[in-house]
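**Student:** this is a predicted model, with the sequence first.
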Amino acid sequence: MSRLFDFAGAEGMGYSQPDTLLPADSVTLPKNLVRKDLPRWPRLSEPEMVRHYTWLSRRNYGIDTGFYPLGSCTMKHNPRINEVIAQIPGIADIHPHQPEHHIQGLLSIFHEMQHMLAICSGMDQVTLQPVAGAQGEFTAVRCVQEYFRSRGEHQRTKVIVPDSAHGTNPASAAMAGFEIIEIPSLEDGRIDIEALKAVVDDTVALMMVTNPNTLGLFENDISDASDIIHSVGGQMYYDGANFNAILGRTSPGLMGFDAVHFNLHKTFSQPHGGGGPGSGPIGVKGHLAEFLPGPIVKKRPIVGDEAKFAVDEMWYGWYQPANSIGKVQQWHGNSGAVIRCWAYYRRYGYGLKDMSEHAVLNANYLRHALHREAKNAGVEDMFVDGANTHVAKHEFTLSLQPAKEKYGISAMDVAKGLLDQGYMAPTVYFPLVVPECMMFEPTETESRDTLDQFAKDFIKVLQQDAETLHEAPITTPVRRVDEVYAARNLCLRHPFDDE
Amino acid sequence: MSRLFDFAGAEGMGYSQPDTLLPADSVTLPKNLVRKDLPRWPRLSEPEMVRHYTWLSRRNYGIDTGFYPLGSCTMKHNPRINEVIAQIPGIADIHPHQPEHHIQGLLSIFHEMQHMLAICSGMDQVTLQPVAGAQGEFTAVRCVQEYFRSRGEHQRTKVIVPDSAHGTNPASAAMAGFEIIEIPSLEDGRIDIEALKAVVDDTVALMMVTNPNTLGLFENDISDASDIIHSVGGQMYYDGANFNAILGRTSPGLMGFDAVHFNLHKTFSQPHGGGGPGSGPIGVKGHLAEFLPGPIVKKRPIVGDEAKFAVDEMWYGWYQPANSIGKVQQWHGNSGAVIRCWAYYRRYGYGLKDMSEHAVLNANYLRHALHREAKNAGVEDMFVDGANTHVAKHEFTLSLQPAKEKYGISAMDVAKGLLDQGYMAPTVYFPLVVPECMMFEPTETESRDTLDQFAKDFIKVLQQDAETLHEAPITTPVRRVDEVYAARNLCLRHPFDDE
Amino acid sequence: MVDQLPNRGLELEMLEEMGFSSIDDLFSDIPERVRMNAQLDLPPPQSEEEIIADARRLLGSNLAMADVVSFLGAGLYRNYVPASVFQLVTRGEFLTSYTPYQPEVSQGMLQAMWEFQTLVSELIGLPISNLSLYDGSTAAAEALTCAVRVHNRKATQKDTVYISELTPPDRVSVMQNYCQGAGIEIKYLHHNQDGTIDLSSVEQAAGSCGIYVEQPNPLGLLDGGYTKLKEIIGENTALIIGIQPISLGLVEAPGNYGADIVVGEGQPLGSPVTAGGPIYGIFACSKTYLRLMPGRIVGRSIDVDGKEAYCLTLSTREQHIRRHRATSNICTNETLIALMGAMHMSLLGPEGLEHLALRNITACNLAKQKLGEINTIAIPHSSGSHFNEFIVELPASAADCLKYLDGVGIIGGFDAGRWYNGRKNWLLVTVTDQTSAQEIELLAAHLAVWSAGVIA
Amino acid sequence: MVDQLPNRGLELEMLEEMGFSSIDDLFSDIPERVRMNAQLDLPPPQSEEEIIADARRLLGSNLAMADVVSFLGAGLYRNYVPASVFQLVTRGEFLTSYTPYQPEVSQGMLQAMWEFQTLVSELIGLPISNLSLYDGSTAAAEALTCAVRVHNRKATQKDTVYISELTPPDRVSVMQNYCQGAGIEIKYLHHNQDGTIDLSSVEQAAGSCGIYVEQPNPLGLLDGGYTKLKEIIGENTALIIGIQPISLGLVEAPGNYGADIVVGEGQPLGSPVTAGGPIYGIFACSKTYLRLMPGRIVGRSIDVDGKEAYCLTLSTREQHIRRHRATSNICTNETLIALMGAMHMSLLGPEGLEHLALRNITACNLAKQKLGEINTIAIPHSSGSHFNEFIVELPASAADCLKYLDGVGIIGGFDAGRWYNGRKNWLLVTVTDQTSAQEIELLAAHLAVWSAGVIA
Ligand SMILES: Cc1ncc(COP(=O)(O)O)c(C=O)c1O
Ligand SMILES: Cc1ncc(COP(=O)(O)O)c(C=O)c1O
């Protein structure tokens, strides 16, 4: 066990620094602001620091270490070129307040990304500012809010969210002050058009939809839903977290949406880094464009001596939308993530469709392989599809309810059993509409061999008896972690000796 | 188990490439040279390749993962800045045939390194060309050979090597065509001056000495040895693999040596990378300087319009020694390693002495701690010092002979037991003069805590019974590997299906 | 070309095994009406080499701060991130992991974040830290809404918070966006002529849910008056302090002078400026706010064998459980950048932080001194102590001055007229540990030349 | 400052515990006579930031090949190493390990090297490969001494090897150094006017221990005559072929036309040029040479449980066992660079290698075509097939031409007059997969201008 606060070397610093420009004793501070005790930080030399974090990393699972079929998270391979590009000083050492003529290259990339996302989504204008999907949602909701305010439609206080939606959807709408109308979904998580009809009226500002939905099914009534909402003057919002399933095959624009966010880090692969950073650009139809947070990038032909700074025939400049809601992040969003995603996009170009096709191919194949292996092993009685469908999109669900009932094996047991087989577990117990749910998203970057092997190993886990599985995992750095203990005995920082 | 040759994806390539500049069918080759079958290489996508090598890496032990007290190898921490510097295009993308005015910066660094090594060793001229310690030895031996030839001393056909010397010493001298005279060492591995006197005459070209010797003891009779060899007109060669012990405290020049190699990768920290690369510059006294391999870097004041290329007031240029033995590597040596070692050196400057002081401090402390813990645990009867001495230098040896005799526990058993404790084992069974030898070199970059903990864990291993230890290791990716099986059933490449 | 798609070339085999005959079959559930039939109107795919060449060309054309002489800061600070940080953070196990929903195989990141919480907690002097928010501005905004959630019941000025009038407008804009939905009104605290907070205006804020001020403040000023704030506003109003973390190597931890919530841009510790993102927002607070605070938190726990283990905790505050009643909508955060922060802090140690703070403040003092010698310009708040930056009052507009300096290869600072009405002659000059004495001399010389020219 | 020395500041405590009172005590065994009393005459220590700044300044002042237009090759070739290679090879477990003496904890590197051996073996068409020598030149030199060890007994020309007269002198120099100690005489094979090997001169080499030729040869020529060599020299003379590994994506594997030993600079696969090192030397051979070959070899074995496992094998050839009777003195080798090679090969796959070879050869053909259109210069061996490079005969010295080209930002190639007596007008122009059509046009245009000027 390597613990950071166990390192208590001599006074000094882990990496040498240059001298100060003036002697330390020349510094005078207001007396009451002089720090009395330095933070009780540990003292490590570089060798110790490197070893500590190497040790920690080896106790962590990532896509690089194995298959990561975590549904709804799109854990695809992160091309290594992206990391190289993001460290070029022309992005890493850029200050957001530098003038336009210093950063024509960067702005041209931003513009290309705005354009590409608009093309893919069928929207008219994109902003790259939101730094995560949830912030994209919030930003779009605020734009819609201001749009209605500008039209005097102050009565629109409601946002409709299907109960199968991701938690950020209602949370984001609520943060903007909307009342959340949760409508129940059909059994397969899809929109219940009748339930929708029952709640719509002119107090509805927005409906938020994820398509394919969280069960991995395409909302085939989506146009009807759009029509219904639009018929009462509401707006349609597309949660783009599942864009990986449909890119190039349909678009939110075609489905009638007015606004959309992209989880750029999912669809276009900014490494998720243990929970972030991400990037959540939004695209909107023309009527919402002037409400977007500024600045966004627009281009125009170069004039005068601009050529000496320009990267092509155009000038890329900041543009402030006229009725902007203002900012949702102080700077220009997660530019470093945008750059990585640009590199990712460039690798596919118009072939982005191949990416989503393979994502869907792999999901369907994995579903097929799991059923196939279950049949071969005679354990097909242990799970059923989470939703009855001919095809899934980029992810799918299974219900382990039969295993639970017949053998006392829960989805959580199976998840922990999979950890012992060297896999990251699929998402469990989400969405709630599927009992004992496991949600699988293999992504396009897994080979058929991996999918076949996983299917076999999944069945191997199912064939273990309940007692064995309750004990799982046994091969991991720690065994089942007591989350209740953690909550009851809150220990949120290192307890120093005097505590 | 991830096996490279199990990856058999569809035809294609793991990373996309640009198109050819002319159509493929425009290429004509002599018919008999057209390759009939492509190599049966595996087919991996980037995700698979990344995962395979990540998996492999996780089955490997490095300094970053733990304490690596491998005697005679100087496994010190490798500052990460070195890797950053070595990837600057001004080294990575330089061709050795580029003209001098393209690479003044690089040449100035080479010059600085030649100068620094000359200062540290007390030699007059240094070449950076040899790419490893062994090649440094060979280069120096060749220089000495040509030196004597130039003086008509053709009778000097012998090289004296103590039997405790590293294997490369006799091997290098033999490669140059010398007869090897091995002289027995004293019990503590030091030179037996009487034995030396008995073999010297005017047929001796060279004596090769490692100081401190392989038992970690300083050769206190070194001046006598030098005098004896010089008295018959021979030359003294210093194997610098143990430079880490004495830098700034003495020098080969002070000890009377005529030539010396540096294991730059050990003393100045080029990561050892599983066995290489390294770098083995040599330094020589003035009378040998004109025999060195060329080119070496010399400087002179700039003239004319050189200022526009120069990095300071001097011009750094290639110089070809007049009687050069020629080249031992086709280019300029392992420049990338030299650059890393330059960065390492800069961090210490005149304080390089601190480095060797801490190396010696740590070695003595570890020796002390091992004895202390043994005493505490009552197992002090299980090992003795490999050599009787008050102080060790940067490494020391223990003999496990008592443990072997009393409990049937061998040095190899203990080594394998240490692997189970999460350590790399010390060097075992070398040098041969110490029965059941274990050779410890902690280096200067280990903390006292690590040394104390290791000492405790070492004793823990000793306290296990012989049967348990014979089974060790049990926690490693594989258990004791059958080296005899490997040699008897040679399998040196993947057996393809038809083999 | 297989490249990123291992199953390229295997599509048909896979489809046939499933009983399909084409990829189209897998998309048969998309109604005709919404199908995209044309190819995406985008350029062709590129190879890795071509992409990297384009990236080098486009990003290489940007003028990086290190390419010139830069005095631009205003919230983000040039720094030096030790080489080991990049090499460790890009280890695949960290880089390519997701939120640690399965703690058994995520102990590395969980422990690292728990250690991060401790490092931040010690730095700012409060017991609780989350494991990052998006940036300093959203952290500040979340602090305001959090303060209202906690204090509104007892507040006499309900749904009201006060912020310093000096707060940069872009940051205020973020706050406004976060607050307006919750129906929170933002009022302003005023500052004295010398840049320090007007304590009488703080008195007005008593009874509100919280006040937000920055230390150093946006003018770079270290304000000794802050130690009186908590007493003035009382227990039922949150004292929220925005900090530059490096300054805390010299400046008292806000937790020690009454701060209830501390937020800030973590960037100077561990992250390059990167055009403003990804960076990470620090959010730390006292126990009072724990159950209503935003963001993920790691707790130390045990596994079934009683072994030390870490996991996410207090998740019931979060959107994935509490949905529209969550304390924040945040899901993806800035963990990886916070990890870089933790690594940087680990290498610094207490003395390293102190020295880094000293480098920053002495460089700033040297700049103040050198620029103070130019009599055609003024330093309006020169009597105070500054960290990182200070205002220079020019004889003409900062915009013009910056244009002139740009022409001689100097990014002269930030035009504070973009922040403050009527202050178009204010130049905010930023100096960090990366600024050299020669660069300061150069700026001074050019400012002297320019301002003399303007006056003449 | 702790930095790299964790025990800085703890020296006295540690010494006291051991019963010493100062560091000097630890060096009391160094006799006075040889003690260094003065401080090293070197500059003061620098911080990481200062070192990196100096490195950027000094190395940044170098003109990297990518900064200009480069046609320089002559044994080392500009290439593109995929980004993943650097990121994986710098993982600490690989980077900071030593020779795998404890196989149980070194399976990663051992397996990777065994896989490397297989990749090389398949590439060159011989069953055995070691896991790298220092570079192509030492690999070639070791091949000569190895051939003598194996064949000398039966040789009629004892202690004699033949090498192509075209072999670059720097490489020959290395060979001479390695051979002279073993008492081996190096004789030369001649080439025809068109650059191909003179088969009658090869006949003279029959009965010697081995012959060494390169494919492509140093003029860039692919020589179809090589398939006859083995028949000419017979079983008791080793056919040693030096290769450019990428060419083998198109060109027959030497093992398939009789090569006994294949050596070469591995650099184009996996390693940047790096001023010529560290790179790695390929050494592969048939079974005949196995027990007398140089360098480390990994074998697949089993552990005590019968599980697949890897370890170093056949170590009795090596210096640490056999001492002065070892097959070579090599100890430290180029494992890490060979690992980069393995990674690059893994990503390429068979088709990727073929495409890469096609990129090289078509670029070379385009250059030959474009330069061939200039009638003031000649391409003496234009009838043959070239890979990577070819000779251009100029109307004046290559040295002058290179100077002119340098002035317009082009590294025009290599002055072959430095290799071959009387060929001062020969320019060796190298084209790789990194060369663009525009760069070729540019070279052609400037060569036309220069040569016209020279003639006029
Ligand atoms: C369906 C869905 N919507 C929204 C989000 C929120 O996106 P982010 O985590 O980037 O804030 C997620 C992410 O997990 C999601 O899966
Ligand atoms: C004492 C000694 N001499 C020489 C050498 C050979 O150096 P290298 O491995 O760099 O060829 C070594 C390396 O292991 C050594 O320990």
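**Tutor:** Cool, the structure landed. Numbering: from 1, shown residues only, chains lettered A, B, ... in the order given. Ligands and ions are numbered 1, 2, ... in the order given.
**Student:** for the closest residue to ligand 1 within the stretch 251-400 of chain A, what are phi and psi?
**Tutor:** Residue of the stretch 251-400 of chain A nearest ligand 1, by CB to the nearest ligand atom: A:G278 (4.2 Å). Using the backbone N, CA and C atoms, a C-beta is placed for each residue, glycine as well. Note on A:G278: its backbone torsions stand at phi -130, psi -160 [degrees, to the nearest 10].
**Student:** same question for A:D93.
**Tutor:** Dihedral angles for A:D93 - degrees, to the nearest 10 - are phi -110, psi 30.
**Student:** again, but for C:S164
**Tutor:** The phi/psi pair for C:S164 (degrees, to the nearest 10) is phi -60, psi 140.
**Student:** tell me the contacts of it?
**Tutor:** C:Y188, C:L189, C:H191, C:I197, C:Y212, C:V213, C:E214, C:N217, C:P218 (CB atoms under 8 Å, 6 or more residues apart in numbering or on different chains).
**Student:** hang on, isn't the third one packed against C:I197?
**Tutor:** Read that as C:H191. Yes. Applying CB atoms under 8 Å as the test, C:H191 and C:I197 come out as touching, 5.8 Å apart.
**Student:** what helix or strand does residue 85 sit in?
**Tutor:** Just going to use chain A. helix A:81-86 (DSSP states H and E).
**Student:** wait, chain C
**Tutor:** helix C:83-89.
**Student:** quick check: mean pLDDT of that helix?
**Tutor:** On average, the pLDDT along helix C:83-89 is 96.
**Student:** give the other helices and strands that that helix contacts.
**Tutor:** Helices and strands touching helix C:83-89, by 3 or more CB pairs under 8 Å, 6 or more residues apart in numbering or on different chains; DSSP states H and E, are helix A:46-57, helix B:81-86, helix C:335-372.
**Student:** for ligand 2, give me its nearest residue in the stretch 301-450 of chain A.
**Tutor:** A:G422 (36.7 Å).
**Student:** chain C now?
**Tutor:** C:Q87 (24.7 Å).
**Student:** check contacts around that residue.
**Tutor:** Per CB under 8 Å, 6+ apart, neighbours of C:Q87: B:R80, B:E83, D:T90.
**Student:** near chain A, from the residues you listed?
**Tutor:** B:R80 (CB under 8 Å from any CB of the partner chain).
**Student:** quick one, which of the contacts of C:Q87 are buried?
**Tutor:** B:R80, B:E83, D:T90 (16 or more other CB atoms under 10 Å in any protein chain shown).
**Student:** and which of those residues is nearest ligand 1?
**Tutor:** D:T90 (29.6 Å).
**Student:** how about the closest one, nearest residue that isn't a chain neighbour?
**Tutor:** Residue nearest to D:T90 in three dimensions, not counting chain neighbours: B:E83, with 5.7 Å by CB to CB, 6 or more residues apart in numbering or on different chains.
**Student:** just A:T210 next, same as before
**Tutor:** A:D239 (4.1 Å).
**Student:** which strands and helices sit next to the helix or strand that contains that neighbour?
**Tutor:** Assigned by DSSP H and E, A:D239 belongs to strand A:235-240. In terms of contacts (3+ CB pairs under 8 Å, 6+ apart), strand A:235-240 is packed against helix A:133-150, strand A:204-210, helix A:222-231, helix A:252-255, strand A:259-262.
**Student:** mind listing what C:S208 touches?
**Tutor:** Contacts of C:S208 (CB under 8 Å, 6+ apart): C:A155, C:T156, C:Q157, C:T160, C:V161, C:Y162, C:K187, C:I233, C:T237.
**Student:** oh, I was asking about A:E441
**Tutor:** A:69-75, A:216, A:363, A:394-395, A:426-427.
**Student:** domains for chain C, by residue range?
**Tutor:** C:65-72+C:354-455, C:83-346 (automatic domain parsing).
**Student:** mind checking how far the last one is from the chain centre?
**Tutor:** Mean-position distance between domain C:83-346 and its chain equals 10 Å (CA atoms, centre = their mean, to the nearest Å).
**Student:** what does stretch C:359-373 give?
**Tutor:** 25 Å.
**Student:** which parts of it are buried?
**Tutor:** Buried-residue list, stretch C:359-373, by 16+ other CB under 10 Å: C:R359, C:N360, C:I361, C:T362, C:A363, C:C364, C:N365, C:L366, C:A367, C:K368, C:K370, C:L371.
**Student:** low pLDDT regions in the stretch 51-200 of chain C?
**Tutor:** Scanning the stretch 51-200 of chain C for pLDDT under 70 picks out nothing.
**Student:** pull the number of nearby residues for the residue in the stretch 151-300 of chain A positioned nearest to chain C.
**Tutor:** Here the residue of the stretch 151-300 of chain A nearest chain C is A:G273; by CB to the nearest CB that distance is 2.8 Å. Neighbours of A:G273 under the rule other CB atoms under 10 Å in any protein chain shown: 31.
**Student:** where does it land in three-state SS?
**Tutor:** coil (DSSP: H, G, I helix; E, B strand; the rest coil).
**Student:** give me every residue that touches it.
**Tutor:** Contacts of A:G273 by CB under 8 Å, 6+ apart are C:V89, C:F94, C:L95, C:T96, C:S97, C:T335, C:L336, C:I337, C:L339.
**Student:** rewinding a little: surely the residue of the stretch 301-450 of chain A closest to ligand 2 touches A:Q453?
**Tutor:** No. The pair A:G422 / A:Q453 is not scored as a contact, 10.1 Å apart, by CB under 8 Å.
**Student:** chain B contacts on the stretch 51-200 of chain C?
**Tutor:** So the stretch 51-200 of chain C meets chain B at C:P82, C:A83, C:S84, C:F86, C:Q87, C:G92 (CB under 8 Å from any CB).
**Student:** for the stretch 351-499 of chain A, same thing?
**Tutor:** A:T445, A:E446, A:S447, A:D449.
**Student:** cutoff 6 Å now
**Tutor:** With CB under 6 Å from any CB of the partner chain as the criterion, the stretch 351-499 of chain A meets chain B at residues A:T445.
**Student:** tell me which residue in the stretch 351-499 of chain A sits closest to chain B.
**Tutor:** Taking CB to the nearest CB, the stretch 351-499 of chain A has A:T445 as its residue nearest chain B, at 4.4 Å.
**Student:** nearest spatial neighbour of that residue, chain-adjacent residues omitted?
**Tutor:** A:H77 (3.8 Å).
**Student:** just to check, that neighbour is in contact with A:E446?
**Tutor:** No. Using CB atoms under 6 Å, A:H77 makes no contact with A:E446, being 8.4 Å away.
**Student:** dump the residue contacts of C:G225.
**Tutor:** C:G225 sits next to C:T196, C:I197, C:L199 when contact means CB atoms under 6 Å, 6 or more residues apart in numbering or on different chains.
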